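Colleague: sharing a sequence plus its predicted fold:
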Amino acid sequence: MDNTHTIRTKSAKETQTIGQTMAASLMEERKLGKKSPSIFCLYGELGSGKTTFVQGFARGLGLTTRLLSPTFIIVRRYSLQTQKIFLYHIDLYRINHGEGIDGLGLREIFSDPSAIILLEWADRLGSLLPIQRTDITFNVQGEDEREIMIEKMM
């Protein structure tokens, strides 16, 4: 079974739409009884579309709050109004491969069944990288074009 999909987008709006669609699909899974954290690890260079994707994803969850990258505070938590679900937007850009990660409470977040986690710069987690996750890699193909590779890990 192929767990990898590649999508090309031609604008930031299309990248947001991919995030929005994935979030809507996830919410359907949760309605059917999924009771485990949902972890999405985002990879790609600066400006490759990670935060743009997260903004669309949040919209797909029903959040109306404008999402900002948590580069300086590292973790932002958003509560979904309709359910007891929390969206965690985590940005590890300012973390140096393993340094300072222990104090962030990520182990607790990763084990919370009500958590939906979008993790930018996930490669900096090292051995803390969860086994059950979805990896999403963003590659710049042109000024506005992106190649987005989605791979479900088990």
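Modeller: Received the coordinates, thanks.

Colleague: what sits up against the helix or strand bottoming out on mean pLDDT in the chain?
Modeller: Least confident helix or strand, the chain: strand 75-79 with a mean of 84, by mean pLDDT, DSSP states H and E. With contact meaning Cβ atoms under 8 Å, 6 or more residues apart in numbering, strand 75-79 is reached by 58, 63, 65, 67-68, 70, 85-90, 104-105, 109. Using the backbone N, CA and C atoms, a C-beta is placed for each residue, glycine as well.

Colleague: and the closest residue to Val140 other than its chain neighbours, how many neighbours?
Modeller: In space, Val140 comes closest to Ser48 once its chain neighbours are excluded; the distance is 5.3 Å by Cβ to Cβ, 6 or more residues apart in numbering. Ser48: 20 surrounding residues under other Cβ atoms under 10 Å.

Colleague: which residues touch the residue positioned nearest the centre of the chain?
Modeller: The residue lying closest to the centre of the chain (Cα atoms, centre = their mean) is Leu118, at 2.4 Å. By Cβ under 8 Å, 6+ apart, the residues touching Leu118 are Phe40, Leu42, Val54, Phe57, Leu87, Tyr88, His89, Ile90.

Colleague: circling back: the least confident helix or strand of the chain: how far from the chain's middle?
Modeller: 12 Å (Cα atoms, centre = their mean, to the nearest Å).

Colleague: which other helices and strands does the following helix or strand past that strand contact?
Modeller: Later in the chain than strand 75-79, the nearest helix or strand by DSSP states H and E is strand 86-91. Contact here means 3 or more Cβ pairs under 8 Å, 6 or more residues apart in numbering; DSSP states H and E; on that basis strand 86-91 packs against helix 50-60, strand 75-79, helix 106-110, strand 115-120.

Colleague: outside of strand 86-91, which residues touch it?
Modeller: Here strand 86-91 has contacts from 54, 58, 61, 63, 67, 69-71, 74-80, 104, 106, 109, 112, 114-121, using Cβ under 8 Å, 6+ apart.

Colleague: mean pLDDT for the helices and strands packed on strand 86-91: which is lowest?
Modeller: Per-stretch averages of pLDDT across the helices and strands packed on strand 86-91 put strand 75-79 at the bottom, with a mean of 84.

Colleague: what are the buried residues along that strand?
Modeller: Residues Val75, Arg76, Tyr78 are the ones in strand 75-79 that count as buried (16 or more other Cβ atoms under 10 Å).

Colleague: kind regards, and thank you for your time.
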